[in-house]
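J.: could you look at this predicted model? Sequence included:
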Amino acid sequence: MAKKAGRGKSWCPSSIDLLLDTTLDVLPLGKNGWEKVESRFNRLAETKLLPVRDVDALKRKFILLKNHAKPTGDPECPVEVKRAKRIQREIDQSVSVMSLDGDTDPPVPAQEDDEDVGRTGLQQTELQSLSVTLKRQFDQGDPTAGLLSYTAKKRRSIDKYIDGAAEADTKASSDMMTMILLMDERSAKRE
């Protein structure tokens, strides 16, 4: 069908009702679903002497209706908007996952002492021992120890910074205590 230039026909209330009815019947999920909506809509629209619409126009109008916000200052939402939102919820619910095999056993809960295995495939204890081994090799200057990742370098620099800050804090507190003792001695001498 050749596409006409210019704007299409505007949507009358009966066209909107027909669109919502057809969308409710089909509950389209993708391109094929919207093509079913188009064929049913156009077949029924011709019998009711309504304009024929293409897939994009039908989908665009439905999305416009379902995304329409409630008008400011008016507590009533338009009926077609309520219907479109309800239909969208039904479409979303039709996609939900459910078990088709009703006689399966319930899932067995995992044992509590099992450790989570991350994307490396190693348990946390294995990762810690590997980290200690690599760190030992790296500290000894072994060139086969491997290069550190950016994240590992950042973590090491943060650890060094924290250690340095802790040492500086203890030194500052001891310096502060020394200063307080000196001040007490001087005040005692003045008296």
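T.: Structure's in. What do you need?
J.: please parse the chain into its domains.
T.: Following automatic domain parsing, one gets these domains for the chain: 13-94, 124-190.
J.: from the chain's centre, how far out does the first one sit?
T.: In terms of C-alpha atoms, centre = their mean, to the nearest Å, the centre of domain 13-94 is found 28 Å from the chain centre.
J.: try stretch 184-191
T.: When distances are taken as C-alpha atoms, centre = their mean, stretch 184-191 is centred 66 Å away from the chain's centroid.
J.: alpha carbons of that stretch, as CSV, please.
T.: Extracted in CSV, the C-alpha atoms of stretch 184-191 (Å, rounded to 0.1, in the frame of the first residue of the first chain):
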residue,chain,number,x,y,z
ASP,A,184,51.4,21.1,82.7
GLU,A,185,55.1,21.2,83.7
ARG,A,186,55.5,24.8,82.7
SER,A,187,52.3,25.9,84.5
ALA,A,188,53.5,23.9,87.6
LYS,A,189,56.9,25.8,87.5
ARG,A,190,55.1,29.2,87.2
GLU,A,191,53.1,28.5,90.4
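J.: out of the domains of the chain, deepest packed?
T.: By mean neighbour count, with neighbours taken as mean count of other C-beta atoms under 10 Å, domain 13-94 ranks first of those at a mean of 15. For every residue, glycine as well, the C-beta is placed using N, CA and C.
J.: ends of that one, what's the gap?
T.: Domain 13-94 has an end-to-end distance of 27 Å (C-alpha to C-alpha, to the nearest Å).
J.: helices and strands around the lowest-mean-pLDDT helix or strand in the chain, which ones?
T.: Lowest mean confidence among the helices and strands of the chain (mean pLDDT, DSSP states H and E): helix 124-139, at a mean of 75. Identification of packing neighbours for helix 124-139 by 3 or more C-beta pairs under 8 Å, 6 or more residues apart in numbering; DSSP states H and E yields no helix or strand.
J.: go again using 10 Å as the cut-off
T.: Using 3 or more C-beta pairs under 10 Å, 6 or more residues apart in numbering; DSSP states H and E, the elements in contact with helix 124-139 are helix 150-190.
J.: state the mean pLDDT of the helix it packs on.
T.: For helix 150-190, the mean per-residue pLDDT is 83.
J.: got the angle for that helix vs helix 124-139?
T.: 80 degrees (axes from the mean of the first three to the mean of the last three C-alpha atoms, to 10 degrees).
J.: 526 is where my numbering starts, stick with that
T.: From this message on, residue numbering opens at 526, which makes the last subject helix 675-715.
J.: ok now helix 675-715, how far from the chain's centre?
T.: 44 Å.
J.: likewise for stretch 674-685?
T.: Averaging C-alpha coordinates over stretch 674-685 and over its chain gives two centres that are 28 Å apart (C-alpha atoms, centre = their mean).
J.: export that stretch as PDB, just CAs?
T.: The C-alpha trace of stretch 674-685 is given here as PDB (Å, rounded to 0.1, in the frame of the first residue of the first chain):
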ATOM      1  CA  SER A 674      45.100  -4.800  37.500                       C
ATOM      2  CA  TYR A 675      44.100  -1.100  37.800                       C
ATOM      3  CA  THR A 676      41.700  -2.000  40.600                       C
ATOM      4  CA  ALA A 677      44.400  -3.900  42.600                       C
ATOM      5  CA  LYS A 678      46.800  -1.000  42.200                       C
ATOM      6  CA  LYS A 679      44.100   1.400  43.500                       C
ATOM      7  CA  ARG A 680      43.300  -0.900  46.400                       C
ATOM      8  CA  ARG A 681      47.000  -1.100  47.300                       C
ATOM      9  CA  SER A 682      47.400   2.700  47.200                       C
ATOM     10  CA  ILE A 683      44.300   3.200  49.300                       C
ATOM     11  CA  ASP A 684      45.600   0.600  51.800                       C
ATOM     12  CA  LYS A 685      49.000   2.400  52.000                       C
END
